[in-house]
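Colleague: task: produce atomic coordinates for the following.
(2 chains)
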Amino acid sequence: MAPELVRMDNISKSYGRVEALRGVNLTVHHSEIVGLLGDNGAGKSTLIKILSGAISATTGDIYVRGRKVDIRTTTDAMAHGIETIYQDSALVNQLSIARNLFLGREPVKGPRFLDRLDHEKMNEVARDLLKQVGITKDIPPSTPISAISGGERQAVAIARAMYFKSDLIVLDEPTNNLGVEETRGVLRFVRSARDSGHSCIFIAHNIHHVFQVVDRIVVLRRGVLVADDIDPKHTSIEAVERIITGLNDEG
Amino acid sequence: MKQRPLILRLITRRELGPFLLLVAEILIFQSIRPEFLSPLNIGNALDFTVELGLMALGMTLLMTSGEFDLSVGSVFGFSAVLMWTLKNSGATSLAVGFFIAMAVAALIGLVNGWFVTRLRITSFLVTLGMLLVLRGAALFLTDGFPQRTWSAEGSRLASILVGELNFGKLHLYASLFWFIGLAIVLGYVLTSTKTGNWIQASGGNASAARARGVNIAWTKTGLFMLTSMTSALAGIISSIRTTSANPNSGTGYELEIIAMVVIGGTALSGGRGTIIGTVLGVLILRLMRNGIVMVGVPGLAYNIFIGAIILAMVGLHASLERRHQAEA
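Modeller: Okay, here's the model as predicted:
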């Protein structure tokens, strides 16, 4: 197995007396797509928010490439190469594709005080990236996000994470509200991200989508990691569903 | 890569509607009263227009970032009163008073921004509170009486800000050039800079921008400061030009300014803004007031026209927006 990229060690999170996560250990290796499954309220979002710096854990540590890191903000997470893509909040609809790709890290040209955007560079990189993630349609980089489809938006977000050298891309429900063709596109983008050396955590309600793309499945139930090494090639969807709902131990 | 034809890009711009309206307005007034475009009337119409325009320019960037400021009219009145009180009491020279007033305006914007971004209170409530605080302060400071301002005559600061310039029969104030200069600078900032990208992103989708490391709080706070400072500058310029610093001046300007910005095509909900549109919006409303008086419509009917223009323009912008979405 490829070396370890990110390890979350003994993560717990409580809100007052409610324990959202209890002693969760999660490891992601290089060039690996991990499917994170669990019912509503199982703690998936909480775990991901801790990893992306949106909230902090009550206890537990995070290691990146074996080194302990301190992630307090989303900027910290990105500095360590961890990027989370939330379906609806990843992009600014009013801005163009190129402006979204470079948001927060805009290239500038000319004297510093002029703060001038390097539009040529932005458009050029944007065009290359869209091709790279597999968008074959000719979409000008100046197109506003509001004018492209849901699948294309995911592609833009994934392309951005790849360009800025995120080693671990966390995709939160990337296939929600997408049609069949669009979903297929997103799964292709995820695979192409892995093939170019990135790792992914893939969260989806639709287990079928997860099965089509991930290398390994982990399952959270009521804040506890109940399975961390399910091979989708040798396990049935029904078996995984039973683990998610807990029917195995109760039934 | 295909560029859309120039003509198509022009007609889909949101500034087109306001532009056509302005042209129509000028043509109609000019055909009824040929002296509408006389140098005398142009000069007269522009005096006060650029003062409101300065405030509208700051407000455009602030509204693009998703906030607005109701305290601009109060800052307009308060800053002039503050500067003249300092001068008349002998505490400072006019120039020092000017810089103190501008610094206080920046501080007012900082407080507005702090309440909105740190305490997460809507800008409506925060700036409504600030409106009352500053209006009250201006009245208290002056006991309700206007401040003497005639000593500005001949001072260097006064001529830099609002010196009179005569081009033949055309009579202008230097403030026009401050307005033009600021419009160019802010137009550049909004469309061509990294800061402009952050401003638009803050108003468009704050959580997405924050996740990319954009400092929303400072972007918005900076724009609150900018808006306060352009309002203070406008108030001070106006007080020198009209030789009166009245503690009540600027009352009710906030809504007219917001109307000008919205007419031009900037979204009240943030994310989209246009300086060119604002310049057009400012001219539309001010020339309307000027023209209505000239053609003899009773001044009391002015607001009917203003209201109708606002409704027509927001309707137009909304339908353009919907068509834009439908194309996708």
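Colleague: contacts for stretch A:112-123?
Modeller: A:98-99, A:101-102, A:106-110, A:141-142, B:189, B:192-197 (CB atoms under 8 Å, 6 or more residues apart in numbering or on different chains). Glycine gets a C-beta too; all of them are placed from N, C-alpha and C.
Colleague: does B:Ser239 touch B:Thr149 like I think?
Modeller: Yes: counting by CB atoms under 8 Å, B:Ser239 touches B:Thr149, with 5.7 Å between them.
Colleague: neighbour count: the two, which is higher?
Modeller: The neighbour comparison of B:Ser239 against B:Thr149 (other CB atoms under 10 Å in any protein chain shown) goes to B:Ser239, with 26 against 22.
Colleague: just the buried residues of the contacts of stretch A:112-123.
Modeller: Neighbour counting by 16 or more other CB atoms under 10 Å in any protein chain shown classes A:98-99, A:101-102, A:106, A:141-142, B:189, B:193-197 among the contacts of stretch A:112-123 as buried.
Colleague: show me what the mean pLDDT comes to for stretch A:144-163.
Modeller: Stretch A:144-163 carries an average pLDDT of 86.
Colleague: circling back to that earlier point, the buried ones among the contacts of stretch A:112-123: which two are farthest apart?
Modeller: Using CB to CB, the buried ones among the contacts of stretch A:112-123 span at most 21.7 Å, a distance reached by A:Pro141 and B:Val189.
Colleague: which neighbours do B:Ser239 and B:Thr149 have in common?
Modeller: B:Trp84, B:Ala245.
Colleague: hang on, the earlier thing: out of the buried ones among the contacts of stretch A:112-123, which is nearest to A:Val156?
Modeller: A:Leu101 (6.7 Å).
Colleague: so what's the closest one up against?
Modeller: So A:Leu101 contacts A:Met122, A:Val125, A:Ala126, A:Leu129, A:Pro141, A:Val156, A:Ala159, A:Arg160, A:Tyr163 (CB under 8 Å, 6+ apart).
Colleague: just the element for the fourth one, please.
Modeller: With the criterion set as DSSP states H and E, the secondary-structure element containing A:Leu129 is helix A:119-132.
Colleague: residues of that helix that come out buried?
Modeller: A:His119, A:Met122, A:Asn123, A:Val125, A:Ala126, A:Arg127, A:Leu129, A:Leu130, A:Gln132.
Colleague: kindly reformat these as JSON lines containing pLDDT.
Modeller: Listed next are these as JSON lines, based on pLDDT from 0 to 100:
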{"residue": "A:His119", "pLDDT": "93"}
{"residue": "A:Met122", "pLDDT": "95"}
{"residue": "A:Asn123", "pLDDT": "94"}
{"residue": "A:Val125", "pLDDT": "93"}
{"residue": "A:Ala126", "pLDDT": "93"}
{"residue": "A:Arg127", "pLDDT": "91"}
{"residue": "A:Leu129", "pLDDT": "85"}
{"residue": "A:Leu130", "pLDDT": "84"}
{"residue": "A:Gln132", "pLDDT": "76"}
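Colleague: okay, now the nearest residue to B:Ala301 once chain neighbours are set aside: neighbour count?
Modeller: Distances taken as CB to CB, 6 or more residues apart in numbering or on different chains put B:Ile292 closest to B:Ala301, at 7.2 Å, once the chain neighbours are dropped. Neighbourhood size, B:Ile292 [other CB under 10 Å]: 18.
Colleague: correct me if wrong: B:Ile292 contacts B:Tyr302.
Modeller: Yes: proximity of B:Ile292 to B:Tyr302 meets the contact threshold set by CB under 8 Å, at 5.7 Å.
Colleague: pull the contacting residues for the closest residue in space to B:Arg289 that isn't next to it in sequence.
Modeller: Distance criterion CB to CB, 6+ apart; nearest residue to B:Arg289, sequence neighbours excluded, is B:Tyr302 at 5.9 Å. Contact partners of B:Tyr302, counting by CB under 8 Å, 6+ apart, are B:Met288, B:Arg289, B:Ile292.
Colleague: rerun at 10 Å
Modeller: The contact partners of B:Tyr302, by CB atoms under 10 Å, 6 or more residues apart in numbering or on different chains, come to B:Leu285, B:Met288, B:Arg289, B:Ile292, B:Val293.
Colleague: over to B:Asn197?
Modeller: A:92, A:95-96, A:99-100, A:102-104, A:106, A:115, A:117, A:122, B:190-191, B:209, B:214.
Colleague: gap between it and B:Val282?
Modeller: To B:Val282, B:Asn197 is 25 Å away according to CB to CB, to the nearest Å.
Colleague: from the stretch 51-200 of chain A, which residue is nearest to chain B?
Modeller: Taking CB to the nearest CB, chain B has its nearest neighbour within the stretch 51-200 of chain A at A:Gly104, 3.3 Å off.
Colleague: burial check on the nearest residue in space to that residue that is not next to it in sequence, number of neighbours?
Modeller: Counting by CB to CB, 6+ apart, A:Gly104 lies nearest to B:Arg212, which is 3.3 Å off, once chain neighbours are set aside. Neighbourhood size, B:Arg212 [other CB under 10 Å]: 22.
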